[in-house]
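Undergrad: Fold the following and give me the result.
(one chain, ligands or ions: 1)
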Amino acid sequence: IKKIGVLTSGGDSPGMNAAIRAAVRAGFYYDIEMYGIYRGYEGMINNDIKKLDSGHIAHVLERGGTFLKSARSADFRTVEGRQKAYENLKSHGIDALVVIGGDGSLTGAHLFYKEHGIPAIGLPGTIDNDLSGTDLTIGFDTACNTAIEAIDKIRDTATSHDRLFFVEVMGRDAGFIAINAGIGSAAAAILIPEKKMQIEELVDKLKARRKRKKTSNIVIVAEGGKSGGAAEIAKKVHKFLPFYDTKVTILGHLQRGGAPSSYDRLLASKLGVMAVEGLLAGKYDVMAGIINNKVVYTPIKRAIVDDKTVDEDDFRIAKILST
Ligand code: ATP
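TA: Next up, the predicted model:
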């Protein structure tokens with residue numbers, strides 16, 4: 001392997017820059033030419049590819065977002081699109097890839113490897129934490145910190161006015177951000193897609209808290225919840241508890257931004273280096289992740305399987321703490 005292309009794809013996450021920087025630094029260390037592929041697979045198809053030097057990666061580690069930009073590419077889902085991408089890579093002599101993104105991006109890397117034989121290592125870059133083969137994904141910790149900081153502020157106004165707040169957090173169809181941010185901010189209840197909670201049960205919980213004279217009630221709602229988003233839940237609950245001044249806050253994209261936390265910087269830096277070392281060691285079609293503090297390589301096909309769920313203990317702990 002002489003030339004490695006790096007790209008970020010799908011939803012951006014804090015720490016992607018740190019991962020790019022680490023991969024590029026590792027490449028230079030091993031005398032490999034490093035290329036930035038801009039706007040994910042879209043840039044591969046449009047030949048938006050540039051050779052990187054150390055100037056490109058100076059002072060990016062601490063910045064949120066991705067300086068390589070990210071995109072979703074419909075063309076890459078087609079055989080013709082991937083063929084065009086392959087020809088562009090060949091024209092630069094790029095013979096391996098580091099793909100930083102979520103399950104969709106890694107699926108693309110897997111397909112591309114199968115079709116064109118370009119060795120690829122994936123890095124789990126998503127705030128959702130919904131990839132197997134790693135305890136946490138790059139960006140998840142920062143997103144939880146951001147959510148908690150925001151919820152702390154909401155609590156101030158909730159307490160001052162005895163309000164009932166429904167705060168919607170991101171996470172797609174996974175409840176990882178919700179459960180972490182909920183435990184970390186002493187939420188009254190946490191609604192996650194993995195567990196069904198009836199409106200009646202939630203109402204009883206809130207009634208019990210009122211009896212115990214709890215002055216602020218913040219319910220965390222994961223965006224992918226089966227019973228609806230925060231607005232929908234708030235409306236249903238309000239019918240049972242009309243005496244509450246009920247408010248809804250959707251945290252939205254602010255959870256994707258900001259400087260990466262110390263953990264995300266470390267995770268991204270370790271995985272960036274291990275991606276390049278993995279490629280050099282002939283580990284292809286795998287995702288690098290950290291499990292129990294050790295870097296492990298998991299076949300992409302397994303990493304993208306949707307079998308990572310919120311820990312039962314976490315859910316139980318959240319319940320105990322909010323009772
Ligand atoms: P996030 O979890 O943050 O949404 P993601 O990587 O899962 O990130 P997707 O939009 O699912 O985001 O995928 C990113 C890109 O990967 C797509 O726009 C597409 O170009 C490519 N991709 C996804 N699935 C496939 C597939 N089955 N075949 C080929 N390419 C794919």
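Undergrad: What is the burial count for Ala178?
TA: For Ala178, the tally of surrounding residues (other C-beta atoms under 10 Å) stands at 30. Placement of C-beta: from N, CA and C, glycine included.
Undergrad: Pull the contacting residues for the residue nearest to His110 when sequence neighbours are not counted.
TA: Residue nearest to His110 in three dimensions, not counting chain neighbours: Ile300, with 4.3 Å by C-beta to C-beta, 6 or more residues apart in numbering. Applying C-beta atoms under 8 Å, 6 or more residues apart in numbering, we find Ile300 in contact with 106-107, 109-110, 120, 122, 285-287.
Undergrad: what's the answer for Ile183, then?
TA: So Ile183 contacts 190, 314, 317-318, 321 (C-beta under 8 Å, 6+ apart).
Undergrad: ok, now with 10 Å
TA: The contact partners of Ile183, taken as C-beta atoms under 10 Å, 6 or more residues apart in numbering, are 144, 148, 190, 220, 314-315, 317-318, 321-322.
Undergrad: repeat for Ile20
TA: Taking C-beta under 10 Å, 6+ apart, we find Ile20 in contact with 6-8, 34, 36, 52, 56-57, 60-61, 66-68, 98, 100, 123, 125, 268, 272.
Undergrad: Can you tell me how far the residue nearest to His110 is from Asp156?
TA: Separation of Ile300 from Asp156 (C-beta to C-beta, to the nearest Å) stands at 44 Å.
Undergrad: Repeat that for Leu241.
TA: Remark: distance between Leu241 and Asp156 (C-beta to C-beta) = 21 Å.
Undergrad: now the helices for the stretch 151-300 of the chain?
TA: Under the criterion DSSP state H, counting those that start in this stretch, the stretch 151-300 of the chain contains helices at 176-184, 199-211, 230-240, 262-280, 300-303.
Undergrad: pretty sure Lys247 contacts Asp162?
TA: No. Between Lys247 and Asp162 there is no contact under C-beta atoms under 10 Å: 11.4 Å.
Undergrad: Am I right that Leu89 is in a helix?
TA: Yes. Assessed by DSSP: H, G, I helix; E, B strand; the rest coil, Leu89 belongs to a helix.
Undergrad: since we're on it, how many residues are nearby?
TA: Residues near Leu89, counting by other C-beta under 10 Å: 23.
Undergrad: which residues does it contact?
TA: Leu89 neighbours (C-beta under 10 Å, 6+ apart): 3, 5, 35, 37, 44, 47, 49, 95-97, 112, 116, 118.
Undergrad: on that earlier part again, could I get the helices of the stretch 151-300 of the chain as CSV with mean pLDDT and distance to the ligand?
TA: Below are the helices of the stretch 151-300 of the chain laid out as CSV (pLDDT from 0 to 100; distance: least, C-beta to the nearest ligand atom, whole Å):
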stretch, mean pLDDT, distance to the ligand
helix 176-184, 98, 12
helix 199-211, 93, 28
helix 230-240, 97, 20
helix 262-280, 98, 15
helix 300-303, 96, 11
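Undergrad: Burial-wise, tell me which of the ones you listed comes out on top.
TA: helix 176-184 (a mean of 26; mean count of other C-beta atoms under 10 Å).
Undergrad: between the helix or strand hosting Arg21 and helix 262-280, how many degrees?
TA: Applying DSSP states H and E as the criterion places Arg21 in helix 16-29. Counting by axes from the mean of the first three to the mean of the last three C-alpha atoms, to 10 degrees, helix 16-29 lies at 40 degrees to helix 262-280.
Undergrad: Could you confirm whether helix 16-29 reaches the ligand?
TA: No. For helix 16-29 and the ligand, the contact criterion (C-beta under 6 Å from any ligand atom) is not met; the two come no nearer than 10.3 Å.
Undergrad: Buried ones in that helix, by neighbour count?
TA: 16-28 (16 or more other C-beta atoms under 10 Å).
Undergrad: mind listing the strands for the stretch 51-200 of the chain?
TA: Assigned by DSSP state E, counting those that start in this stretch, the stretch 51-200 of the chain shows strands spanning 96-101, 120-124, 164-169, 189-191.
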